[in-house]
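Can you look at this prediction? I've put the sequence above it.
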Amino acid sequence: MTYLQRPAAIEAGAWVRASGQVRAVVAVSATSVTLTGEGEAELLVVGTGELLAAEDFAVIGSPVRMPLPAASLLETLPQEARQKALWWEGHILEVLHGLPPGAGPGAERRPEYGPGRSLTVRERAKAAELTAAGHPAAASTVALKRRRYQAQGVMGLADHRPVRKKPAFGAVDDRVVAAMRQAIVEAVDASTRRGTFIIWRTGELLRQTPEGRAVKLPSERTLYRLLAKLTDGTHTFGSAVTRRSRAHGAVGPFGERTVFAPGEIMQIDSTPLDVLVLLDSGVTGKVDLTGMIDVATRTLTAAVLRPTTKSVDASVLLARTVTPEPMRPGWADALAMSRSVLPHRRLLQLDERLAYAAARPVIVPETIVCDHGKVFVSRNFQSSCRFLQIEFQPTHKGSPFEKGHIEKMLGSVATLFAQFVAGYTGRSTDHRGRHLERERLWSLLEL
């Protein structure tokens with residue numbers, strides 16, 4: 001920003017040339033100008049007309065004037081720092097002009113700050129005055145404050161330490177930080193590794209460019225501290241699933257809608273069941289469990305088991321949700337809808353099939369929330385939703401928490417049910433027992 005400059009003028013702090021001599025202006029009055037003499041304490045008083053009449057007279061240097069600081073800039077400082085800066089300003093103004101701020105028109109300068117005193121003498125007098133008043137200050141400190149005030153105004157007198165911003169990563173080169181950030185991003189979709197690999201990869205990335213090769217890597221302890229800051233909350237060294245979910249999940253605001261009525265929002269998902277099953281071909285294998293839950297009532301409206309879930313299975317699940325579940329041979333009468341708390345007789349007027357139905361409510365979905373699995377985003381399933389006038393709402397990619405009800409339900413099946421079934425495999429190979437295929441396993445139909 002460019003500011004308009006005043007023309008050079010004869011004033012305290014300026015430098016003038018006259019009669020072949022360059023001298024500093026100490027004080028100015030209506031009829032005379034006080035200049036520095038040959039020695040440090042010597043002063044020369046010259047008439048204003050005589051000085052201006054010199055053939056080589058020129059003002060060759062003026063005090064630096066900075067624009068007034070914006071009030072908002074001064075207000076960014078703590079109250080104690082503002083008061084201290086304004087306190088110093090009053091004393092520096094007395095050193096420069098001989099009078100403190102607020103002095104009346106008839107006020108007289110104190111002898112130690114009179115026109116016959118140089119700036120050096122005034123600075124020494126001010127230092128002695130402050131020290132005697134209980135504010136120890138050296139003459140060099142007063143001189144430093146005076147120069148800062150002439151260069152920066154009152155902001156030059158303020159203590160900026162309370163609001164000074166420290167570099168986020170200390171003295172570490174920005175190119176090292178950028179390379180380590182890239183190494184961390186590369187690790188999002190890779191298998192989980194240790195910090196030694198990320199640090200090694202950082203060095204490799206730096207060596208790929210001439211600018212990076214010119215950077216000297218900090219110590220190993222510094223690199224590990226930097227790594228800890230950059231990986232905070234990223235799960236770089238934790239669960240790969242959680243890491244990908246946080247990296248690829250929703251970046252905008254998200255939340256959960258308040259649900260008031262059955263069917264307003266329903267969630268669907270599929271997961272492998274941790275149980276070995278005897279398939280129709282006579283071999284053992286694992287099956288997928290696909291289920292749908294109503295958020296308002298927490299009702300599991302339908303579930304199917306298939307060796308491999310296909311799009312038609314999701315459509316079958318949707319059909320079972322909107323139709324009554326018939327009682328099966330061998331089921332106890334307590335499972336019949338006629339024995340439940342549902343208004344059975346009134347429901348018979350709507351659908352006669354409810355007379356022989358099991359005690360499972362029929363809920364027609366208004367909105368179905370699912371992930372981006374190929375079964376649910378398939379043309380078959382979306383066509384079924386359109387036919388039944390159901391809104392299809394996929395979650396953000398990598399955001400399983402947006403359908404947390406069905407995720408929790410499937411997890412409960414794995415922990416509260418599957419462990420009691422013959423052929424239970426556990427959630428991973430580390431938890432799997434030996435010779436499970438030798439056990440008496442359930443068939444798919446029985447399970």
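Yep, that arrived.

quick one, phi psi at the residue of the chain most remote from its centre?
Of all residues in the chain, Glu50 has its C-alpha farthest from the mean position, at 68.1 Å, by C-alpha atoms, centre = their mean. Dihedral pair for Glu50: phi -60, psi -40, per degrees, to the nearest 10.

Can you give me the pLDDT of it?
Per-residue confidence at Glu50 stands at 84 (pLDDT).

Can you tell me how far it is from Ala24?
Applying C-beta to C-beta, to the nearest Å, the value for Glu50 to Ala24 is 18 Å. Where you see a C-beta, it was placed from the backbone N, CA and C, and this is true even at glycine.

got it, and Val188?
Distance, Val188 to Ala24, using C-beta to C-beta: 66 Å.

Could you say which helix or strand holds the closest residue in space to Lys84 that isn't next to it in sequence?
Spatial nearest neighbour of Lys84, chain neighbours left out: Asp159 (6.5 Å); criterion: C-beta to C-beta, 6 or more residues apart in numbering. Here Asp159, judged by DSSP states H and E, is contained in no helix and no strand.

any idea how far Ile92 is from Asp159?
For Asp159, the distance to Ile92 equals 15 Å [C-beta to C-beta].

out of these two, which sits in the busier spot?
The neighbour comparison of Asp159 against Ile92 (other C-beta atoms under 10 Å) goes to Ile92, with 23 against 15.

give me the element that one is part of.
Here Ile92 is assigned to helix 79-97, by DSSP H and E.

got the contact list for that helix?
12-13, 74-75, 77, 99-101, 113, 119, 122-123, 126, 130, 142, 145-146, 149-150, 154-155, 157-160, 162 (C-beta atoms under 8 Å, 6 or more residues apart in numbering).

Just the ones of the residues you listed in strands?
If you go by DSSP state E, the contacts of helix 79-97 have nothing in strands.

Just the buried residues from those residues, in PyMOL please.
Here is the PyMOL command that selects the buried residues among those (16 or more other C-beta atoms under 10 Å):
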select buried, resi 12+13+74+77+113+119+122+123+126+130+142+145+146+149+150+154+155+157+158
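
among the contacts of helix 79-97, which are in helices?
In this view, those that belong to helices under DSSP state H are Leu74, Glu75, Leu119, Arg122, Glu123, Lys126, Leu130, Val142, Lys145, Arg146, Tyr149, Gln150.

In a markdown table: those, plus pLDDT and distance to Ala171.
Output for those, formatted as a markdown table (pLDDT from 0 to 100; distance: C-beta to C-beta, whole Å):
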| residue | pLDDT | distance to Ala171 |
| --- | --- | --- |
| Leu74 | 68 | 31 |
| Glu75 | 72 | 31 |
| Leu119 | 83 | 39 |
| Arg122 | 87 | 41 |
| Glu123 | 90 | 36 |
| Lys126 | 90 | 38 |
| Leu130 | 91 | 37 |
| Val142 | 90 | 34 |
| Lys145 | 89 | 30 |
| Arg146 | 88 | 33 |
| Tyr149 | 85 | 32 |
| Gln150 | 83 | 33 |
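
Can I get the residues you listed in CSV including distance to Leu436?
Listed next are the ones in helices among the contacts of helix 79-97 as CSV, based on distance: C-beta to C-beta, whole Å:
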residue, distance to Leu436
Leu74, 76
Glu75, 72
Leu119, 94
Arg122, 96
Glu123, 91
Lys126, 91
Leu130, 88
Val142, 88
Lys145, 83
Arg146, 88
Tyr149, 84
Gln150, 87
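
Just the closest of those to Arg306, please.
Checking the ones in helices among the contacts of helix 79-97 against Arg306 with C-beta to C-beta, the nearest one is Glu75 at 67.7 Å.

Neighbours of the closest residue in space to the closest one that isn't next to it in sequence, how many?
Distances taken as C-beta to C-beta, 6+ apart put Arg82 closest to Glu75, at 7.7 Å, once the chain neighbours are dropped. Residues near Arg82, counting by other C-beta under 10 Å, number 16.

Where do the strands of the stretch 201-350 of the chain begin and end?
266-278, 284-294, 299-306 (DSSP state E, counting those that start in this stretch).

Return the longest one as PDB; C-alpha atoms alone will do.
Extracted as PDB, the C-alpha positions of strand 266-278 are listed here (Å, rounded to 0.1, in the frame of the first residue of the first chain):
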ATOM      1  CA  MET A 266     -35.300 -48.300   6.800                       C
ATOM      2  CA  GLN A 267     -31.700 -49.500   6.400                       C
ATOM      3  CA  ILE A 268     -30.400 -52.500   4.500                       C
ATOM      4  CA  ASP A 269     -27.000 -54.200   4.500                       C
ATOM      5  CA  SER A 270     -25.200 -57.500   3.900                       C
ATOM      6  CA  THR A 271     -22.300 -59.200   5.600                       C
ATOM      7  CA  PRO A 272     -20.700 -62.600   5.700                       C
ATOM      8  CA  LEU A 273     -22.000 -64.800   8.600                       C
ATOM      9  CA  ASP A 274     -19.200 -66.300  10.700                       C
ATOM     10  CA  VAL A 275     -20.600 -69.800  10.500                       C
ATOM     11  CA  LEU A 276     -19.700 -72.800   8.200                       C
ATOM     12  CA  VAL A 277     -22.700 -74.200   6.500                       C
ATOM     13  CA  LEU A 278     -23.300 -77.500   4.700                       C
END
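
same for it, what does it pack against?
Helices and strands touching strand 266-278, by 3 or more C-beta pairs under 8 Å, 6 or more residues apart in numbering; DSSP states H and E, are strand 284-294, strand 299-306, helix 311-321, strand 367-370, helix 404-412.

Can you give the strand pairings for the second one, parallel or anti for each?
For strand 299-306, sheet partners with direction are given as strand 284-294 (antiparallel), following DSSP bridges.

Touching stretch 272-285 from outside, list them.
286-289, 305, 307, 413-414, 418, 421, 423-427, 436-437, 439, 441-444, 447.

if you set the cut-off to 10 Å instead, what comes out?
286-290, 305, 307-309, 410, 413-415, 417-428, 431-432, 436-447 (C-beta atoms under 10 Å, 6 or more residues apart in numbering).

and what of stretch 177-186?
Applying C-beta under 10 Å, 6+ apart, the contact partners of stretch 177-186 are 167-169, 172-173, 197-209, 212, 215, 217, 223, 226-227, 229-231, 234, 236, 243, 247.

One more pass at 8 Å, please.
Against stretch 177-186 from outside (C-beta under 8 Å, 6+ apart): 169, 198-199, 201-203, 205-206, 212, 223, 226-227, 230-231, 234, 236.

Stretch 333-353 now?
If you take C-beta under 8 Å, 6+ apart as the criterion, stretch 333-353 is touched by Thr323, Pro324, Pro326, Met327, Leu354, Ala355, Ala357, Ala358, Ala359, Arg360, Pro361, Val362.

Who wins on neighbours among those?
Highest neighbour count within the contacts of stretch 333-353, by other C-beta under 10 Å: Ala357, with 24 neighbours.
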